[in-house]
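**Student:** I'd like to go over a predicted model; first the sequence, then the structure.
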Amino acid sequence: MIMRILGSLIFLPFIFFYSYVLGPALKVVLLPGGLALLYLILGPSDFKEHWKQAFSSSNKEENNNQERMA
């Protein structure tokens, strides 16, 4: 019983830390870093083209129509 209480007293702060502190901090670092890596791999023009395609509404509608037909 005492071991369970001690275990949860040690475990819960780490869960809080990883969920609310480390998770957002990693997102702030890893997302821009990943986009920068794609920019370097694809080059400026291809990166911009794919970025626009990812956020265009007509592209999303076209993909939804293709998924419904399959």
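**Tutor:** Done, it's in.
**Student:** show me where pLDDT drops low in the protein?
**Tutor:** Within the chain, the segments meeting pLDDT under 70 span 58-70.
**Student:** hey, which helix is longest across it?
**Tutor:** What stands out as the longest helix in the chain, according to DSSP state H, is helix 23-42.
**Student:** Show me what it is in contact with.
**Tutor:** The set of residues that contact helix 23-42 without belonging to it, under CB atoms under 8 Å, 6 or more residues apart in numbering, is F47, H50. Using the backbone N, CA and C atoms, a C-beta is placed for each residue, glycine as well.
**Student:** need the next SSE after it, C-terminal direction.
**Tutor:** Heading C-terminal from helix 23-42, the first helix or strand you meet, by DSSP states H and E, is helix 44-55.
**Student:** buried set for that next one?
**Tutor:** F47 (16 or more other CB atoms under 10 Å).
**Student:** could you say which helix or strand contains M3?
**Tutor:** Assigned by DSSP H and E, M3 belongs to helix 2-17.
**Student:** between that helix and helix 23-42, how many degrees?
**Tutor:** Orientation check (axes from the mean of the first three to the mean of the last three CA atoms, to 10 degrees): helix 2-17 against helix 23-42 gives 50 degrees.
**Student:** Send me helix 2-17 as PDB with only the CA atoms.
**Tutor:** What follows is helix 2-17 as a C-alpha-only set of coordinates in PDB (Å, rounded to 0.1, in the frame of the first residue of the first chain):
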ATOM      1  CA  ILE A   2       2.800   2.400   0.900                       C
ATOM      2  CA  MET A   3       4.700   1.500  -2.300                       C
ATOM      3  CA  ARG A   4       1.600   2.300  -4.400                       C
ATOM      4  CA  ILE A   5       1.200   5.700  -2.700                       C
ATOM      5  CA  LEU A   6       4.900   6.500  -3.100                       C
ATOM      6  CA  GLY A   7       4.800   5.200  -6.700                       C
ATOM      7  CA  SER A   8       2.000   7.500  -7.600                       C
ATOM      8  CA  LEU A   9       3.600  10.500  -5.900                       C
ATOM      9  CA  ILE A  10       6.600  10.000  -8.100                       C
ATOM     10  CA  PHE A  11       4.800   9.100 -11.200                       C
ATOM     11  CA  LEU A  12       2.200  11.900 -11.400                       C
ATOM     12  CA  PRO A  13       4.600  14.800 -11.500                       C
ATOM     13  CA  PHE A  14       6.500  13.300 -14.400                       C
ATOM     14  CA  ILE A  15       3.200  12.800 -16.300                       C
ATOM     15  CA  PHE A  16       2.300  16.400 -15.700                       C
ATOM     16  CA  PHE A  17       5.800  17.500 -16.800                       C
END
